[in-house]
Structures are given as structure tokens and as C-alpha cells.
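Undergrad: starting from these lines, generate the structure:
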Amino acid sequence: MSQEYNFGVAGPIRPLVRALAGASEPRTALTANFEVSVDIPALNALALRSLFRLFEATENLFVRCVTLGVNGFDQQQTSRRRTIIAMLGLNRLVQAGGAQPFDLASIRDAVLADTKWVRGVGDLGLLTWFTAEFVPDRLRGLFNKFDFDKAIKTYSDGRQARTGALAWFLAGISHARLAGTGKLPDLTDVAVDAYHLLLENQAESGIFGQAAFPGLLQRACCRRFGTFNDQIWAIYALSTFARAFQVEEPLEPALNCANSVRALQGELGEWWFLYDKRACRIAKRYPVFSCHQDGTAPVGLLALGEVTGQSFHEPIYKGLSWITGMNALGKDLRSQDQGIIWDSVRPYRKISNYWEAVLSVVNISPKLHPDTLRILREATPDHFGWLLYAFGRFGLPKAVVSGKVVSIG
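TA: Numbering: from 1, shown residues only. Next up is the predicted model:
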């Protein structure tokens with residue numbers, strides 16, 4: 001028996017995902033027009049398995065990354081920033097009634113025990129977002145500890161008006177406003193300042209550059225080119241800002257950006273790496289990250305769809321189809337044996353990326369043969385956090401849910 005999932009978008013609902021209730025393995029079926037059927041609860045379960053592998057129990061934090069080597073997985077040190085993102089996703093799953101194997105309260109306390117990692121407005125925005133969703137009663141203390149009114153001028157990523165950092169800062173303030181607990185300072189002015197600075201980076205094409213006021217050596221590149229992260233976090237921040245402050249103005253630039261990146265999406269559903277905002281074209285295709293395909297792109301586009309009523313189902317399910325094997329390598333990036341989703345597809349040689357970026361300036365796009373591409377067998381907790389943030393509301397397969405997740409390890 002199949003179930004159709006409505007992602008909360010107003011207007012005619014086009015089935016994006018059909019999940020087989022109780023299935024424990026992802027199942028996909030692709031038609032000629034990319035209508036891919038993905039078992040989302042099973043995808044959520046695989047994200048949970050991945051997070052379990054990335055957890056460092058002695059510190060109650062998630063590690064930055066694990067890499068598959070000849071002797072198994074090697075792991076890096078822990079990261080509060082990436083732990084926060086993993087926790088945001090886990091919280092979405094819990095809110096939907098999903099079981100999970102972690103002591104979230106202990107991880108939360110470990111995260112909040114130290115804020116020295118906050119080194120920019122982007123970090124501050126992420127911490128605010130986390131606090132608003134996890135422990136909103138602590139927002140007041142956070143606002144007392146950090147001077148939000150001066151944050152943009154205090155931190156270098158704010159002074160340089162970096163798109164990704166401003167987007168997280170604006171999103172964090174917006175989530176704090178949506179939390180609406182107790183008497184909080186009125187951050188309308190600083191939110192509007194962040195909003196206007198964010199728009200400084202957007203071209204008429206709808207594409208965002210990386211920064212409005214970067215250093216001299218970075219000026220030409222950062223003003224003209226923007227990563228996929230710049231685009232999707234700008235979309236998310238503008239959508240959340242509009243919802244939190246009940247204003248429609250931010251939705252126009254958000255839609256302009258979303259429509260541009262949708263038009264530039266690859267034939268196989270790829271969300272490409274680097275964009276030329278002046279020419280509204282792709283500057284560099286690879287690496288293509290799994291996190292973008294099944295995590296951040298759905299997070300941003302679904303948020304925009306919820307406030308505008310426009311459906312972004314088609315580009316989202318095209319992106320999901322890339323994960324399942326409809327990519328240049330024809331390989332599924334979900335490894336059931338290892339219990340993980342691999343990081344990305346990228347060229348073997350870094351020089352290939354360099355020359356593609358150079359040639360894009362003169363509108364030349366060299367072809368990359370599949371033999372020149374490889375799967376990077378790494379994984380990071382933020383990938384699975386964003387995946388669960390997008391899809392955690394759909395829960396886990398019935399076979400996994402039994403009071404606690406027993407099949408994670």
C-alpha cells in the first residue's frame with residue numbers, strides 16, 4: 001500500500017514522494033520525466049544510521065567528518081556547528097513522533113556549554129536558530145550575551161556582507177521571532193539591515209554573489225560568483241524573514257533566485273556548485289554534493305513554497321533522483337552496507353575544476369567524461385541534519401519504530 005506525501009505547498013499537489021509503509025530499504029522507480037519514487041521514511045532511517053556513525057559519545061557531540069579508508073572509517077574532531085545542524089534535523093524527527101537513539105538533552109547541553117566557536121554572524125545566526133527551536137526559553141540569555149545590534153559590524157563576515165553568513169543570521173533572528181516566548185528585544189532594525197545587505201549581493205538575474213564587500217584580492221570573484229549554498233540559504237532566509245515579520249517584499253527576490261537556480265539545474269537533477277550572477281549561468285559544475293540534493297535544496301525550496309504557494313516539487317524530486325543513481329556515474333550514493341550516504345561526486349583532478357571556472361568566463365563549458373569523476377566516500381553530520389530537517393516530519397519505517405531505534409547500529 002503506497003502513501004502520497006504532501007509537502008505543504010498550496011495549490012495543485014503533484015505527487016513528489018511515494019513511500020511503501022513499513023519498508024526498511026529505499027525503493028526507487030524512475031519514469032521518463034524524472035518522477036522518482038523514494039521511500040522517504042527509509043531515507044530518514046539511513047540518515048539516522050549515518051549520524052550514529054558520526055557521533056562521539058565521550059564528548060556528546062558529532063564529529064566534523066568521517067572518511068572511508070583502507071582500514072575502515074577515519075574520523076575528525078568534533079564540531080559544535082555541525083552538531084547543531086544534526087540536532088535541528090533530529091528535532092524535526094522527534095516532533096513527528098520518530099524514535100531516535102540519542103540523548104538529545106545531553107547533546108544540547110554539550111553544545112550550549114561553550115560558545116567560543118561563534119566567530120561570525122553566520123555562527124551567531126545558527127546558534128540563535130538552534131536555541132529558538134530547541135530551548136526557546138534561553139533566547140533571552142543569548143541576546144544578553146551577544147550584542148546583536150552591533151554583530152554585523154563586529155564580525156568580519158558581516159562587514160564583508162557574505163551571503164551565507166547574512167542568510168543564517170537573518171534566519172536565526174526570524175526563528176527567534178517565530179518562537180515568540182517572553183519579552184525579547186525588538187531586532188527588527190538589525191534584521192532589516194541584514195536583509196538589505198543580503199540584497200546587495202543579488203543581481204537582476206536573481207543569482208547571489210558570495211559577498212558585497214570582500215577583501216581586495218577576493219573582490220572580483222566574490223562579487224561575481226556565488227555557490228549553491230549562497231543561493232539556497234538566501235532563499236531560506238528571505239522566506240523565513242517574510243513569514244516571521246509578516247512582510248511580502250522579501251518573497252520577490254527569493255522567487256527570482258529560486259527560479260534562476262531551477263532553470264540552471266542539471267539534466268540529471270544536479271544542483272551545480274558555482275554560479276555566475278552577471279551572466280546567469282553555471283561557472284563550475286563539480287563537486288555536486290549529496291547534501292544539496294537531498295538536504296539543503298529541499299529545505300530552502302520547501303520553505304519558499306510554503307509561504308508563496310508555488311510548487312517546487314519537480315526540481316526537488318529531480319535532485320533526489322540524482323542520489324538514487326540517476327547521475328553521471330550511474331551509481332547510487334546510498335550505501336546500505338556501510339549505513340551511510342556518500343558526500344559528493346567530483347573530478348579526480350582538481351585542475352579540472354580550475355579550468356572549468358576559467359573557461360566559464362568566456363562562456364565555454366568543457367565536457368567532463370564519467371571516467372574523470374569519482375565518488376568521495378566521506379560523510380558529514382550537517383548533511384544528515386539538513387536531510388532530516390527537510391523530511392523528518394515523515395518519520396521512519398514502521399519496521400524501525402518500536403519505542404527506540406534498534407536497527408541503527
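
Undergrad: can you list the low-confidence ranges for the stretch 201-350 of the chain?
TA: Across the stretch 201-350 of the chain, the ranges flagged by pLDDT under 70 are 216-217, 350.

Undergrad: any idea how far the spatially most central residue of the chain is from Y236?
TA: Centroid-nearest residue in the chain: T296, 2.4 Å away (criterion: C-alpha atoms, centre = their mean). Going from T296 to Y236 by C-beta to C-beta, to the nearest Å gives 8 Å. Bear in mind the C-beta positions are built from the backbone N, C-alpha and C, glycine included.

Undergrad: same question, R119
TA: Distance, R119 to Y236, by C-beta to C-beta: 21 Å.

Undergrad: with neighbour numbers in mind, choose between those two.
TA: The residue with more neighbours, out of R119 and Y236, is Y236; 23 against 12, by other C-beta atoms under 10 Å.

Undergrad: helix or strand: which one has the nearest residue to that one once chain neighbours are set aside?
TA: Among residues not flanking Y236 along the chain, G300 sits closest, at 4.2 Å (C-beta to C-beta, 6 or more residues apart in numbering). Using DSSP states H and E, G300 sits in helix 297-308.

Undergrad: which helix or strand lies directly C-terminal to that helix?
TA: Downstream of helix 297-308, the first helix or strand assigned by DSSP H and E is helix 313-323.

Undergrad: and that next one, what does it pack onto?
TA: If you count contacts as 3 or more C-beta pairs under 8 Å, 6 or more residues apart in numbering; DSSP states H and E, helix 313-323 packs onto helix 297-308.

Undergrad: now the helix it packs on, how far from the centre of its chain.
TA: Centroid separation for helix 297-308 versus its chain: 12 Å, with C-alpha atoms, centre = their mean, to the nearest Å.

Undergrad: contacting residues around it?
TA: Here helix 297-308 makes contact (C-beta atoms under 8 Å, 6 or more residues apart in numbering) with 7-10, 228, 232-233, 235-236, 238-240, 242-243, 251, 254-255, 258, 271, 310-312, 315-316, 319, 386, 389-391.

Undergrad: thinking again about what came up before, so what's the residue count around the residue nearest to Y236?
TA: Using other C-beta under 10 Å, G300 has 32 other residues around it.

Undergrad: what's the spacing between it and D332?
TA: Between G300 and D332 the computed distance is 24 Å (C-beta to C-beta).

Undergrad: let me see the ranges of the helices in the stretch 251-400 of the chain.
TA: Listed in chain order, the helices of the stretch 251-400 of the chain (DSSP state H, counting those that start in this stretch) span 251-263, 290-291, 297-308, 313-323, 350-360, 381-391.

Undergrad: what's around Q95, how many residues?
TA: Number of residues near Q95 (other C-beta under 10 Å) recorded here: 11.

Undergrad: check G89 too.
TA: Other residues near G89 number 28, with proximity taken as other C-beta under 10 Å.

Undergrad: doesn't W322 make contact with Q293?
TA: Yes. Look at Q293 against W322 with C-beta atoms under 8 Å: they come within range, at 5.0 Å.

Undergrad: neighbour-wise, which of those two wins?
TA: Taking neighbours as other C-beta under 10 Å, Q293 and W322 compare with Q293 leading, 28 against 25.

Undergrad: could you measure the more buried one against D114, distance?
TA: Using C-beta to C-beta, Q293 is found at 32 Å from D114.

Undergrad: can you check C221 too?
TA: 34 Å.

Undergrad: got it, and F73?
TA: 26 Å.

Undergrad: of those two, give the one with the bigger neighbour count.
TA: Taking other C-beta under 10 Å, F73 and D114 do not tie; F73 has more neighbours (17 against 9).

Undergrad: quick check: which element contains the more buried one?
TA: strand 72-75.

Undergrad: same list, the helices of the stretch 251-400 of the chain, but as JSON lines with distance to Q77 please.
TA: Compiled in JSON lines, those are given as follows (distance: least, C-beta to C-beta, whole Å):
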{"stretch": "helix 251-263", "distance to Q77": "33"}
{"stretch": "helix 290-291", "distance to Q77": "20"}
{"stretch": "helix 297-308", "distance to Q77": "26"}
{"stretch": "helix 313-323", "distance to Q77": "28"}
{"stretch": "helix 350-360", "distance to Q77": "24"}
{"stretch": "helix 381-391", "distance to Q77": "12"}
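
Undergrad: between those, which one is closest to C65.
TA: Closest approach to C65 among the helices of the stretch 251-400 of the chain (C-beta to C-beta): helix 381-391, 8.4 Å.

Undergrad: I'd like to know which elements that closest one is packed against.
TA: Other elements packing on helix 381-391 under the criterion 3+ C-beta pairs under 8 Å, 6+ apart are helix 40-53, helix 80-95, helix 290-291, helix 297-308, strand 340-341.

Undergrad: dump that helix to PDB, restricted to CA.
TA: The C-alpha trace of helix 381-391 is given here as PDB (Å, rounded to 0.1, in the frame of the first residue of the first chain):
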ATOM      1  CA  PRO A 381      26.700  15.300  10.100                       C
ATOM      2  CA  ASP A 382      25.300  18.500   8.600                       C
ATOM      3  CA  HIS A 383      24.300  16.600   5.500                       C
ATOM      4  CA  PHE A 384      22.000  14.300   7.500                       C
ATOM      5  CA  GLY A 385      20.800  17.100   9.700                       C
ATOM      6  CA  TRP A 386      19.500  19.000   6.700                       C
ATOM      7  CA  LEU A 387      18.000  15.900   5.200                       C
ATOM      8  CA  LEU A 388      16.000  15.300   8.400                       C
ATOM      9  CA  TYR A 389      15.200  19.000   8.700                       C
ATOM     10  CA  ALA A 390      13.600  18.700   5.200                       C
ATOM     11  CA  PHE A 391      11.900  15.300   5.500                       C
END
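
Undergrad: who's in contact with that helix?
TA: So helix 381-391 is contacted by 40, 43-44, 47-48, 50-51, 54, 62-64, 79, 81-90, 92-93, 289-291, 294-296, 298-299, 302, 341, 343 (C-beta under 8 Å, 6+ apart).

Undergrad: now the buried members of these.
TA: With burial judged by 16 or more other C-beta atoms under 10 Å, the buried subset of the contacts of helix 381-391 is 40, 43-44, 47-48, 50-51, 54, 62-64, 79, 81-90, 92-93, 289-291, 294-296, 298-299, 302, 341, 343.
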